[in-house]
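J.: I would like to see how this sequence folds:
(2 chains, ligands or ions: 2)
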Amino acid sequence: MSGEPLIGLSGVRVARDHGRIVLDGIDLAVRPGERVGLVGPNGAGKSTLLHVIVGLLPVAAGQVAAFGRPCRTEREFAAVRRRVGLLFQDSDDQLFCPTVAEDIAFGPLNLGVGRAEAAAVVTRTLARVGLAGFEHRITYRLSGGEKRLVALATVLAMDPAVLLLDEPTTGLDQEAEERMLALLLSLDQAMVVVSHEPRVIDRLATRVVHLDRDGLKAA
Amino acid sequence: MADHASLADRAYSPGAVPGARAGLFSDHDPRVRLAVALVGCVAAVALQSLGALASALAIALLALAASRPDLRRLRGRLLSLEGFMIMVLVTLPFTVPATAPDGILLQVGPFTASGDGLRRAFVILLKANIVVLLLAALIGGLEATQFGRALAGLGLPGRLVTLLLMTVRYMEVLQRDYARLRRSMRVRGFRARADRHSLRSVGYLIGMLLVRSFDRSERILDAMRCRGFNGTFRHDPLDAAGGRDAVLALAAAIAVVACVAVEVAVR
Ligand SMILES: Nc1ncnc2c1ncn2[C@@H]1O[C@H](COP(=O)(O)OP(=O)(O)OP(=O)(O)O)[C@@H](O)[C@H]1O
Ligand SMILES: [Mg+2]
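T.: Numbering: from 1, shown residues only, chains lettered A, B, ... in the order given. Ligands and ions are numbered 1, 2, ... in the order given. Down below sits the predicted model:
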């Protein structure tokens, strides 16, 4: 793949839990059109890595760059988050509005979209994830798989340029997983996909990187 | 695009919440509804005579009927209020001394119930019911976001509105977390007893609840920031209040004036 990287990490080190280093010397570039599969054992720091890219966790060393610009301040990362969508590993962390419609509209409204347009985005996005008609459902009463799809809808509704997906298919049944994979394959955004399921990585990823205690390696 | 607009109406007008039927007030400006409810409540609390309070109660009942409330929810709210009111009715006559010697209604051993106390209990009963009925009629059917927009529209600072909305939302989450933890204790055979093991376990439960809530709030804030949140909810400015809102405000003003007139007349 060619082109300037959309996301670039160089020499990134991250400490959590009062200084325990969980990531060190991480280099990663995500280029337009790429779908990077990120694999590795539990606790390797995959989720941590995604959170670092959008500035939810600070780096102890190294540099994060997005869209060709280095990012350091909260302000710079806030701008990044408008164009990089993160699907959290746990949907319960992501959904916080009472109804599905309000949750999906939340991002577009923050981006300055009007209410009527936001409602149109809600319908359109729900249809895309195969949940047409779910507007008025109560978010915390959805099933685990439905939550997963709604969480993805909240991310897609902002029409991000890069998607960071933390185990997108966990908890989905065969059919929903198939629909999710087809949907993700139909998108032309660059993405980083974390998954423990080889099937998912095989289908989606254009290249795979492996994260473990020794850092990030091409796999 | 007409399609989209009607969809927007369905998605965001308070009358479209599933379960909330369209009543007389569901198409009124939420700000006006909130303001009218506030003025009505303040007026009701200021009234003193039983006659004026009875008129106010009648008006509140009319408003409630017009709003076509969800009867099941209303019953729950009223039951908890009336339970408390029975306490007031029973205890107040005994705690307020009679001003005139013939003001004693009843004597039970060393306790005497006074007519003044009973009257005062009735006044409190009426006021409390008027306030609850008015709120149920005017803002009971408002969706949380609409309520937030109304508060913001009436000039309440955005941070306060956000805090309020999140509190409403997260009471439920907290409760669910608690239920979940309790369940996981119960399936492993836990029964609360008055022993050290029980106390320690319940201590863990409460501690876990606090720590988890705190962690969760941080993660949710993260998720909100990922979607462009910058501290306050974005509310579209509401449309200017229309003719029907003016009618509602006028009707409310007339009702308040009428009740005050009754108050002055009987005094
Ligand atoms: N909120 C937290 N506070 C402190 N340390 C944490 C926190 N979350 C995760 N960690 C630690 O950071 C390390 C990396 O965790 P991370 O969640 O990134 O792993 P992961 O690769 O996503 O694992 P999994 O495959 O289980 O999702 C782990 O050692 C974990 O204990
Ligand atoms: Mg993870």
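J.: okay, CA-based contacts and neighbour counts for the rest of this
T.: Fine.
J.: For the chain, which segments are assigned as strands?
T.: This is for chain A. With DSSP state E, the ranges of strands along chain A come out as A:7-16, A:20-30, A:35-39, A:61-66, A:69-71, A:84-87, A:162-166, A:190-194, A:207-212, A:215-218.
J.: Hmm, no, I was thinking of chain B.
T.: Under the criterion DSSP E, strands of chain B are mapped to B:104-108, B:111-114.
J.: Most tightly packed of those strands?
T.: Mean neighbour counts were taken over the strands of chain B using mean count of other Cα atoms under 10 Å in any protein chain shown, and the top value, a mean of 19, falls to strand B:111-114.
J.: which strands and helices sit next to that one?
T.: Packing partners of strand B:111-114 (3 or more Cα pairs under 8 Å, 6 or more residues apart in numbering or on different chains; DSSP states H and E): helix B:71-95, strand B:104-108.
J.: who does that strand pair up with?
T.: Applying DSSP bridges to the sheet, strand B:111-114 is found paired with strand B:104-108 (antiparallel).
J.: Please work out the average pLDDT along the strand it pairs with.
T.: pLDDT averaged over strand B:104-108 equals 77, rounded to a whole number.
J.: Show me what that strand is in contact with.
T.: Applying Cα atoms under 8 Å, 6 or more residues apart in numbering or on different chains, the contact partners of strand B:104-108 are B:Ala98, B:Thr112, B:Ala113, B:Ser114, B:Gly115.
J.: Farthest pair within these?
T.: With distances taken as Cα to Cα, the most widely separated pair in the contacts of strand B:104-108 is B:Thr112 and B:Gly115, at 9.9 Å.
J.: which residues are in contact with both of those two?
T.: B:Pro93, B:Ile104, B:Leu105.
J.: The second one pairs with what?
T.: Assessed by DSSP bridges, B:Ile104 has beta-bridge partners B:Ser114.
J.: ok, now which ones touch residue 150?
T.: I went with chain A, as the question did not name one. A:Val150 sits next to A:Val100, A:Ile104, A:Leu126, A:Val129, A:Leu131 when contact means Cα under 8 Å, 6+ apart.
J.: look at chain B instead
T.: Taking Cα under 8 Å, 6+ apart as the test, what B:Ala150 contacts is B:Pro30, B:Arg31, B:Leu34.
J.: Make CSV out of those residues and add pLDDT and distance to chain A.
T.: CSV is the format used below for the contacts of B:Ala150 (pLDDT from 0 to 100; distance: Cα to the nearest Cα, whole Å):
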residue, pLDDT, distance to chain A
B:Pro30, 87, 16
B:Arg31, 88, 18
B:Leu34, 91, 21
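J.: Got the confidence number for A:Ala44?
T.: Model confidence at A:Ala44, given as pLDDT, is 93.
J.: got the contact list for the helix or strand of chain A with the lowest mean pLDDT?
T.: Taking mean pLDDT, DSSP states H and E as the measure, strand A:215-218 is the helix or strand of chain A with the lowest mean score, a mean of 81. Outside strand A:215-218, the residues within contact range by Cα under 8 Å, 6+ apart are A:Leu23, A:Asp24, A:Gly25, A:Ile26, A:Asp27, A:Val208, A:Val209, A:His210, A:Leu211.
J.: So which of these is the closest to B:Lys127?
T.: Proximity of the contacts of strand A:215-218 to B:Lys127, judged by Cα to Cα, is greatest for A:Leu23, which lies at 63.0 Å.
J.: wait, isn't the closest one in contact with A:Arg13?
T.: Yes - A:Leu23 is within contact range of A:Arg13, at 5.1 Å (criterion: Cα atoms under 8 Å).
J.: Flag every residue of chain A that's near chain B.
T.: By Cα under 8 Å from any Cα of the partner chain, the residues of chain A that approach chain B are A:54, A:56, A:78, A:81-82, A:85-86, A:88, A:93-98, A:101, A:106-107, A:109-111, A:114-117, A:119-120, A:135-136, A:155, A:158.
J.: could you redo the last one with a cut-off of 7 Å?
T.: With the criterion set to Cα under 7 Å from any Cα of the partner chain, chain A comes near chain B through A:56, A:78, A:81-82, A:86, A:93-94, A:107, A:109-111, A:115-116, A:119-120.
J.: Max pairwise distance over those residues: which two?
T.: Checking the residues of chain A next to chain B with Cα to Cα, the most distant pair is A:Leu56 and A:Ala116, at 30.8 Å.
J.: So which of the two has more stuff around it?
T.: A:Leu56 (21 against 18; other Cα atoms under 10 Å in any protein chain shown).
J.: mind checking how far the residue lying closest to the more buried one once chain neighbours are set aside is from ligand 1?
T.: Once flanking residues are discounted, A:Leu56 sits nearest to B:Asp222: 6.4 Å by Cα to Cα, 6 or more residues apart in numbering or on different chains. To ligand 1, B:Asp222 is 12 Å away according to Cα to the nearest ligand atom, to the nearest Å.
J.: follow-up on the earlier one: closest to ligand 1 among the shared contacts of B:Thr112 and B:Gly115?
T.: Checking the shared contacts of B:Thr112 and B:Gly115 against ligand 1 with Cα to the nearest ligand atom, the nearest one is B:Pro93 at 57.4 Å.
J.: right, and that closest one touches B:Arg119 too?
T.: No - when contacts are counted by Cα atoms under 7 Å, B:Pro93 is not listed as touching B:Arg119 (8.1 Å).
J.: gap between the closest residue to ligand 1 within chain B and chain A?
T.: Checking chain B residue by residue against ligand 1 with Cα to the nearest ligand atom singles out B:Asp215 as nearest, at 7.5 Å. Applying Cα to the nearest Cα, to the nearest Å, the value for B:Asp215 to chain A is 10 Å.
J.: and if you look at B:Arg193?
T.: Separation of B:Arg193 from chain A (Cα to the nearest Cα): 32 Å.
J.: so what's that residue up against?
T.: For B:Arg193, no contacting residues are found, by Cα atoms under 7 Å, 6 or more residues apart in numbering or on different chains.
J.: residue boundaries of the helices in chain A?
T.: Counting by DSSP state H, one finds helices in chain A at the ranges A:46-53, A:74-81, A:91-94, A:100-110, A:115-128, A:144-156, A:174-186, A:198-204.
J.: what's the average pLDDT for the fourth one?
T.: Put plainly, it is helix A:100-110. Model confidence over helix A:100-110 averages 88 on the pLDDT scale.
J.: what do you get for the second one?
T.: Helix A:74-81 shows a mean pLDDT of 90 in the predicted model.
J.: That helix packs against which elements?
T.: Using 3 or more Cα pairs under 7 Å, 6 or more residues apart in numbering or on different chains; DSSP states H and E as the contact test, no helix or strand touches helix A:74-81.
J.: repeat that with 10 Å
T.: With contacts taken as 3 or more Cα pairs under 10 Å, 6 or more residues apart in numbering or on different chains; DSSP states H and E, helix A:74-81 sits against helix A:46-53, strand A:61-66, strand A:69-71, helix B:196-226.
J.: The ones you listed: which one's closest to B:Leu74?
T.: Closest to B:Leu74 of the helices and strands packed on helix A:74-81 is helix B:196-226 (Cα to Cα; 30.4 Å).
J.: Could you list every helix and strand in contact with the closest one?
T.: Using 3+ Cα pairs under 10 Å, 6+ apart as the contact definition, the elements that helix B:196-226 packs against are helix A:74-81, strand A:84-87, helix A:91-94, helix A:100-110, helix B:158-186.
J.: rerun that using 8 Å as the cut-off
T.: Here helix B:196-226 touches helix A:74-81, helix A:91-94, helix B:158-186, going by 3+ Cα pairs under 8 Å, 6+ apart.
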